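In: My questions are about this predicted structure, shown below with the sequence.
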Amino acid sequence: MSLETLLLTPSGRIGRKSFWRGYLFLILAAFLISIPIGVWSAWALDNMPKEDAEMRSNLMSWAAQAALFFPGLCLTVKRLHDHGRTGWWYVVPTVVMVVTIGLAVMVGGPEVLSKDAPAGPSTALGILMGGMLIALTMMVAMLIYLGALPGEKGANRFGPPEVPPEPTRP
């Protein structure tokens, strides 16, 4: 399977080996993208007003994360397909995070999400931290499930299993 098909197509199935290869590629890409962003951010903090430098650094970081989101989504969806599950299972941790943020804002007001939120224990902060911990635990469990357990043998509703490439002989 080509790298383009692996990272940019959410249909079909992939095995564990392709899943980990794809994620290692994305981790390496994220690292390589973060180096120039970090260098630029350090330069900007010395040469621009702090607020402008922080805003532009955040925008570049968000753009990089957005560029890597879809390939990660495609890998995860294909791996879920290999287990006979729909790609919509990928949304569950995200829904937990959104509901958690909504509950925290309802209880503590929008200032609970600001970096200037008052320190100290509060119900809203507890809800926010607890929900984020649950969502993180779900994501780690999904990564372990998808990365460690073999998929369904034979064809399923998402297609045939990935065919490993033929080993080359010298």
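Out: Structure received.
In: Which helix or strand in this protein has the lowest average pLDDT?
Out: None of the helices or strands of the chain scores lower by mean pLDDT, DSSP states H and E than helix 92-108, at a mean of 85.
In: The helix or strand following that helix: how far from the chain's middle?
Out: The helix or strand immediately downstream of helix 92-108 is helix 123-148, counting by DSSP states H and E. Relative to its chain's centre, helix 123-148 lies at 12 Å (CA atoms, centre = their mean, to the nearest Å).
In: Could you list every helix and strand that helix 123-148 packs against?
Out: helix 16-47, helix 50-82, helix 92-108 (3 or more CB pairs under 8 Å, 6 or more residues apart in numbering; DSSP states H and E). The C-beta positions use only the backbone N, C-alpha and C, and glycine is treated the same way.
In: Mean neighbour count added to the ones you listed, as CSV?
Out: Shown next, in CSV, are those (neighbours: other CB atoms under 10 Å):
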stretch, mean neighbour count
helix 16-47, 14
helix 50-82, 16
helix 92-108, 15
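In: Out of those helices, flag the one nearest residue 147.
Out: Closest of the helices and strands packed on helix 123-148 to residue 147 is helix 16-47, at 6.1 Å (criterion: CB to CB).
In: Low-confidence regions, the protein specifically.
Out: By pLDDT under 70, the weakly predicted segments of the chain are 115-121, 165-167, 170.
In: how many other residues sit next to residue 7?
Out: Number of residues near residue 7 (other CB atoms under 10 Å) recorded here: 20.
In: Contact partners for residue 100?
Out: Shown in contact with residue 100 (CB atoms under 8 Å, 6 or more residues apart in numbering): 127, 128, 130, 131, 132, 134, 135.
In: how about 10 Å then?
Out: By CB atoms under 10 Å, 6 or more residues apart in numbering, the contact set of residue 100 is 127, 128, 129, 130, 131, 132, 133, 134, 135.
In: Fine, thanks again, bye for now.
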